[in-house]
Every structure is written in C-alpha cells, then in structure tokens.
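# for reference, the sequence and a predicted model appear below.
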Amino acid sequence: MELLEIKKLSKKFDNRYVLKDINLKLTGGKIIGLLGKNGAGKTTLIKLINDLLTPTSGEILVKGNKVGVESKKLISYLPERTYLNKQMKVIEVLNYFKDFYDNFDIEKAKRLLKDLDLDINQNLSKMSKGMQEKVQLVLVMSREADLYILDEPLGGVDPATRDYILDTILSNFNENASVIISTHLISDIERILDEVIFIDKGKIALQSATDDLRTKENASIDEIFRRMFKC
C-alpha cells in the first residue's frame, strides 16, 4: 500500500485551475522536496492533503484512507504561518498537544526544545518569530506520524540554525515514515532529500530520486531547478 496516493486531483478557485490532474504516489522512508515557483500550487496541494481544502475533482488516499479524521491521525503538518496561541507558555502548548494527539511524545519535545536553548516556561508572545517557528517545528516532529508535511520550515530562522533543524528532521522520524518539505531554499535542504517533485503551473513537471537526477543532469538539484524554471 502506498503511503500517499493522489489520483487525478484538480482544484480551481472561481474559474481558474490552481491544480490540474495531479497523479502522485509516495512510499514510506523518504524525505521528499516539493519544489516550485511562487504560485505553482505547492501550498494548495499541501492543504488538500491535510483536508483544509476540498478538491474540485480527484481523490487523495493516505495509507488507503480518504482524507479526513483518520488521515489526520497519520499526518503531522507544519503550516507556513504560525498558528499557536501566543498568550500560552511553551509548556502549556506541550500539554495541549499531549492531550490532543495520542502520538505526541512530550519528553522528546522537551529534549529538542532544550537542544535549541528554548525555555519551556517562556510565554510565546515574548519569543521572536524565529523562536516561535522552532517551537512549532518541534511540536510537529515530536509526533509519531506516518507522514510529516513541512511548509517552508526554514523561512524564519538564521542560516546557523538551519543545519540543526535539518538534522532534527533527519533524526526524528521513523524509518517507515516520509517527510514532504516545501521550500524555496533548495541549496540548503538538498543534502537531505531522497526524492524531488517539481510542480509548475498546477501540474507535476518532474518526480525523481535525487541521486538519479543529479547523475543524469550532472548538476545539483538547485541548478537543475534554476535551469528548468529559468530563475
């Protein structure tokens, strides 16, 4: 059974298609880069997988489950924008997640926060945007999920912290799970990617194992992306 299977998925707003006839299969045990220019349809696709939007047509299956209550138990999702209640302390958010998600490991979250020098007794409103994003990433990676979907996880952090975050992603999901990372910072993440999906104008332009693609094109993923989309 595929971890994620998408069949003839389309989404339009008003009369304009944002996604058109998307077909996609993903297996477990991989870190996958979802790459494309602004407006290509990446975030729309992510929201559809997370049941935050309704498809115009087509079907999405997560381990054979249609998107809904059961699929949400299998997916741990990091949205592009922070959604946490800034009036809460970090420890209060941890306890909220522990009560809400059966698969949330609060001890793991405390350990990761300590590694990042984040105080669990601090109020979120007293933290910088980058610190809040680190907290949110820790919350997501501390769930024992089957699929992690991270929308721009490196956008608000300094370059010195990016490597730690990537290593945190690498070392904090089980071997049967997969991670989808949507980002513009391709050169920063390509070292951890097993597979890439290029999306352009609402369609899958390319899906390939990263090593195969580098060998075929004799270039880095970042260079291939720039060539393909003429950035």
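Now that the structure is in, tell me what you want to look at. A quick note: this is a predicted structure, and the numbers were derived from the prediction, not measured. Numbering: from 1, shown residues only.

# ramachandran coordinates for the residue nearest the centre of the chain?
The central residue of the chain, meaning the one whose C-alpha is nearest the mean C-alpha position (C-alpha atoms, centre = their mean), is residue 150 at 1.8 Å. The phi and psi values for residue 150, taken as degrees, to the nearest 10, are phi -120, psi 110.

# check what pLDDT the nearest residue to it once chain neighbours are set aside gets.
If you skip the residues right next to it in sequence, residue 150 has residue 78 as its closest partner in space, 4.4 Å away by C-beta to C-beta, 6 or more residues apart in numbering. For every residue, glycine as well, the C-beta is placed using N, CA and C. Per-residue pLDDT puts residue 78 at 92.

# how many neighbours does residue 210 have?
Residues contacting residue 210 under the criterion other C-beta atoms under 10 Å number 21.

# who's in contact with it?
33, 190, 193, 194, 195, 196, 221 (C-beta atoms under 8 Å, 6 or more residues apart in numbering).

# redo these as a markdown table? Include pLDDT.
Conversion of those to a markdown table gives the following (pLDDT from 0 to 100):
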| residue | pLDDT |
| --- | --- |
| 33 | 96 |
| 190 | 90 |
| 193 | 94 |
| 194 | 95 |
| 195 | 96 |
| 196 | 96 |
| 221 | 95 |
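
# what is the nearest of these to residue 5?
The shortest distance between residue 5 and any of those, using C-beta to C-beta, involves residue 195 and amounts to 15.2 Å.

# before we move on, the earlier item: wait, isn't the residue nearest to the centre of the chain in contact with residue 178?
No - taking C-beta atoms under 8 Å as the contact criterion, residue 150 and residue 178 are not neighbours in contact, 11.4 Å apart.

# for the helix or strand of the chain with the lowest mean pLDDT, name the packing helices and strands.
Sorting the helices and strands of the chain by mean pLDDT, DSSP states H and E puts helix 159-171 at the bottom, at a mean of 79. Counting by 3 or more C-beta pairs under 8 Å, 6 or more residues apart in numbering; DSSP states H and E, the packing neighbours recorded for helix 159-171 are helix 106-115, helix 129-141, helix 186-189.

# out of those helices, deepest packed?
Among these, helix 129-141 has the highest mean neighbour count (mean count of other C-beta atoms under 10 Å), at a mean of 21.

# sorry, back to before: nearest to residue 2, out of the helices and strands packed on helix 159-171?
Of all those, the one in closest proximity to residue 2, counting by C-beta to C-beta, is helix 129-141 (22.1 Å).
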